[in-house]
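>>> Kindly return the folded structure for what I paste below:
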Amino acid sequence: MQVEKRVKALEKTIPRLVGSKPMVERKWYRTQAGHFSRDPVFDEIVRLGRNYRKSLRPRSYSKRP
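Got it, this is the predicted structure:
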């Protein structure tokens, strides 16, 4: 029981000492943004994904006179 109280106290104190918010409150996408900038492999993945999604769309056939 005493150990649990001490651990809880440490969990509250450590973020204040480090000067950061607890990991739960951080938005994950903000820490990951920009990791793949200027990466040609990632650009290829994005291109292929875009082409795949485009292939799933129904084609519109318009009748021309």
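>>> mind checking how far the helix or strand containing residue 14 is from the chain centre?
Secondary structure assignment for residue 14, by DSSP states H and E: helix 2-18. Here the centre of helix 2-18 is set off from its chain's centre by 28 Å, with CA atoms, centre = their mean, to the nearest Å.
>>> In three-state terms, how would residue 36 be classified?
Classification of residue 36 using DSSP: H, G, I helix; E, B strand; the rest coil returns coil.
>>> Name the nearest residue to it, ignoring sequence neighbours.
Nearest residue to residue 36, sequence neighbours excluded (CB to CB, 6 or more residues apart in numbering): residue 42, at 3.9 Å. Any C-beta I mention is one placed from the backbone N, CA and C, and that applies to glycine too.
>>> Helix or strand with the lowest mean pLDDT in this protein?
One helix or strand of the chain scores below all others by mean pLDDT, DSSP states H and E: helix 28-32, with a mean of 81.
>>> to the chain's geometric centre, what's the distance from it?
With CA atoms, centre = their mean, you get 5 Å for helix 28-32.
>>> List the buried residues of it.
Judged by neighbour count (16 or more other CB atoms under 10 Å), helix 28-32 contains no buried residues.
>>> Give me the contacts around the following helix or strand past that helix.
Toward the C-terminus, helix 28-32 is succeeded by helix 40-56 as the next helix or strand (DSSP H and E). Applying CB atoms under 8 Å, 6 or more residues apart in numbering, the contact partners of helix 40-56 are residue 36.
>>> tell me the centre residue of the protein?
Per CA atoms, centre = their mean, the C-alpha nearest to the average position across the chain is that of residue 29, at 3.4 Å.
>>> quick one on the thing from earlier: could you list the alpha-carbon positions for the least confident helix or strand of the chain in CSV?
Provided in CSV are the C-alpha atoms of helix 28-32 (Å, rounded to 0.1, in the frame of the first residue of the first chain):
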residue,chain,number,x,y,z
TRP,A,28,0.2,11.7,-31.5
TYR,A,29,0.0,13.2,-34.9
ARG,A,30,1.8,16.4,-33.8
THR,A,31,4.8,14.3,-32.8
GLN,A,32,4.9,12.4,-36.1
